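Peer 1: Structure for this input, please:
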Amino acid sequence: MKKLFLIAAVAGATLITSCVGLQKGVSHSATFVNVTTSVQSCNVADLEVGERVTYKYTTTSDDRAYGLNNCKAAAIASMLKKCGNADVIVAPEYKYDSKCDYIEVSGRPAKYKNFRSAK
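Peer 2: Predicted structure coming up:
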């Protein structure tokens, strides 16, 4: 009987220490459930379009490193700031040299005005 009790005690101690050892390597995190949602809003706005403007942008080596589309986007962003923080350039036209050292953008700066709910 003493042997059986001793074996049970050793097995129990081994089981307890092995569980404690496993707890050290376990990390816990919150669980979550993916929920499909959609947000819809129907708004309209007026677009106030200005006169055609031509803007010449000198590209940087960083602009050129990411290609022509990046150069065009940088030129448009700079033009929007120079045109009184316009929201969009309507009908942009681009001229650039073969090395993309500069981009000349021509277009009409515009701002969105009078946002309202569509009915």
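Peer 1: Every contact and neighbour count from this point should use C-alpha atoms.
Peer 2: Fine.
Peer 1: thought residue 83 was touching residue 109?
Peer 2: Yes: counting by C-alpha atoms under 8 Å, residue 83 does reach residue 109; the two are 6.7 Å apart.
Peer 1: Of those two, which one has the most company?
Peer 2: More crowded of residue 83 and residue 109, by other C-alpha atoms under 10 Å: residue 109, with 24 against 16.
Peer 1: Contact partners for the more buried one?
Peer 2: Residues in contact with residue 109 (C-alpha atoms under 8 Å, 6 or more residues apart in numbering) are 49-53, 80, 83, 86-90.
Peer 1: Around residue 73, how many other residues sit close by?
Peer 2: There are 12 residues near residue 73, going by other C-alpha under 10 Å.
Peer 1: Residue 57 now?
Peer 2: By other C-alpha under 10 Å, the residues close to residue 57 number 19.
Peer 1: On the pLDDT front, check it for me.
Peer 2: In the prediction, the pLDDT value recorded for residue 57 is 91.
Peer 1: try the one 4 residues further on
Peer 2: According to the per-residue confidence, residue 61 scores 85 in pLDDT.
Peer 1: Kindly report the same for residue 2.
Peer 2: Value listed for residue 2 in the pLDDT field: 54.
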